[in-house]
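Asker: using only what follows, build the 3D model:
(one chain, ligands or ions: 1)
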Amino acid sequence: NVQRAAGDRLPRYVRVNTLKTTVEDVVDYFKRDGLSYQGQAARLDDFTLKEAEFARDQHLPEVLVFSPKTDFHDHFLYKAGHIILQDKASCLPAYLLNPPPGRHIIDACAAPGNKTSHLAAIMKNKGKLFAFDLDAKRLATMSTLLLRAGVTCQQLANQDFLKVDPDSAQYKDVEYVLLDPSCSGSGMVCLRDNTSADQEKDQARLASLASFQLRCLNHGLRFPRLKRLVYSTCSIHRQENEDVITACLQQNPGFRLVPLLAQWPERGLEPLTQCLRAGTTTTRTHGFFVALLEKHIEAENMKQ
Ligand code: SAM
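Answerer: Prediction:
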């Protein structure tokens, strides 16, 4: 299977959990373990690492890059919660949302919680992190992972995000939302199955996912003190990405897109070039999409 082969060739990424350790300490640990540190990557070619080599990512300061066959599931640093095994692209949403410590944040579709623990690390465990998920089993896994990662600022709820009341007093200070809703997963190269393409069924599924994603987005923008919302999917389909954002901006003129990382190599499809895309050839990650929406102050003033 061609897709699986492509997945096997992707580097392995590790996010250093700054709630428990530092990048320097983790680098030292791996060096003492016998791995050879190549410094910070500067180009895509620097991601072609040999078996015992590792490097620091050039875009995300807390991400380390290893060769494709590396497996840290049994490693002490993973079991102790010092490192999180997370694809580089999936580290983008929390990094770009960048909520300051002490604020109130929502992670709308949170389980199994890799982005939640990343948000907590950025917030230094200070503030409140409301995390919702519909799936009780995934939420239970998430509790274990957050405990291991030393996250303490979370409030988990087994709840449909679409039924969370934005006007409830407990969410009155929410300023940041991370929305990573269910999607087709078409960016996950190891999951892509292009042999049984039932086109019509796929189209219906995409349309239904896109409508759910748009409802979640519109709902996320309804929190009264919201400043920024980051939207992400591991889909490569325009229908779940740029099309959802375009429809949302049309329905919410008080919000606009924030231009993201000028140095990032793959942009959202025209005209949404403020957004980021990721993929096997451009960023050596799984396929991914990120958009950051912010409240447009002038539109706010116009209403008053
Ligand atoms: N953000 C997670 C992470 O980084 O670990 C991955 C989230 S996954 C892409 C989407 C999640 O949305 C699933 O766990 C699913 O159970 C949850 N979900 C689907 N519909 C939902 C809804 N209406 N409200 C809350 N969660 C929902």
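
Asker: report whether stretch 154-165 contacts the ligand.
Answerer: Yes - using CB under 6 Å from any ligand atom, stretch 154-165 reaches the ligand at Asp160, Phe161, Leu162. (Each C-beta comes from the backbone N, C-alpha and C, glycine too.)

Asker: only C-alpha atoms, please: export that stretch in PDB.
Answerer: Taking Å, rounded to 0.1, in the frame of the first residue of the first chain, the C-alpha atoms of stretch 154-165 are listed here in PDB:
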ATOM      1  CA  GLN A 154      -8.600  21.300  33.200                       C
ATOM      2  CA  GLN A 155     -12.300  20.800  33.700                       C
ATOM      3  CA  LEU A 156     -13.400  17.800  31.600                       C
ATOM      4  CA  ALA A 157     -17.000  17.200  30.600                       C
ATOM      5  CA  ASN A 158     -18.600  14.400  28.700                       C
ATOM      6  CA  GLN A 159     -20.800  16.800  26.700                       C
ATOM      7  CA  ASP A 160     -21.900  17.700  23.200                       C
ATOM      8  CA  PHE A 161     -20.100  21.000  22.500                       C
ATOM      9  CA  LEU A 162     -23.000  22.100  20.400                       C
ATOM     10  CA  LYS A 163     -25.200  22.000  23.600                       C
ATOM     11  CA  VAL A 164     -22.800  24.000  25.800                       C
ATOM     12  CA  ASP A 165     -24.500  27.300  26.600                       C
END
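
Asker: pLDDT (mean, whole number) over that stretch?
Answerer: Averaged across stretch 154-165, pLDDT comes to 98.

Asker: what's the closest non-adjacent residue to whichever residue of the chain sits closest to the ligand?
Answerer: Nearest to the ligand, among the residues of the chain, is Cys109, at 3.1 Å (CB to the nearest ligand atom). Leaving aside its sequence neighbours, Cys109 sits nearest to Pro181 (CB to CB, 6 or more residues apart in numbering; 4.7 Å).

Asker: three-state assignment of the one you found?
Answerer: Classification of Pro181 by DSSP: H, G, I helix; E, B strand; the rest coil places it in coil.

Asker: for the one 3 residues further on, same thing?
Answerer: Using three-state DSSP, the secondary structure recorded for Ser184 is coil.

Asker: near the ligand, which residues of this structure?
Answerer: Close to the ligand, as judged by CB under 6 Å from any ligand atom, the chain has residues 109-115, 132-135, 138, 160-162, 180-182.

Asker: pLDDT at the residue nearest to Cys109, what is it?
Answerer: For Pro181, pLDDT reads 98.

Asker: tell me, how many residues neighbour it?
Answerer: 20 (other CB atoms under 10 Å).

Asker: just to check, it is in contact with Phe212?
Answerer: Yes - contact criterion CB atoms under 8 Å: Pro181 and Phe212 qualify, at 6.6 Å.

Asker: now the buried members of the residues of stretch 154-165 next to the ligand.
Answerer: Burial by neighbour count, 16 or more other CB atoms under 10 Å: within the residues of stretch 154-165 next to the ligand this picks out Phe161.

Asker: re the thing from before, buried ones among the residues of the chain next to the ligand?
Answerer: Buried, going by 16+ other CB under 10 Å: Cys109, Ala110, Ala111, Pro112, Gly113, Asn114, Lys115, Phe132, Asp133, Phe161, Asp180, Pro181, out of the residues of the chain next to the ligand.

Asker: gap between the fourth one and Leu96?
Answerer: Distance of Pro112 to Leu96, computed by CB to CB, to the nearest Å: 20 Å.

Asker: I'd like to know which elements the lengthiest strand in the chain is packed against.
Answerer: Longest strand in the chain, counting residues (DSSP state E): strand 288-295. For strand 288-295, the packing partners by 3 or more CB pairs under 8 Å, 6 or more residues apart in numbering; DSSP states H and E come out as helix 92-97, strand 228-233, helix 242-251, strand 255-257, strand 276-278.

Asker: perfect, that will be all.
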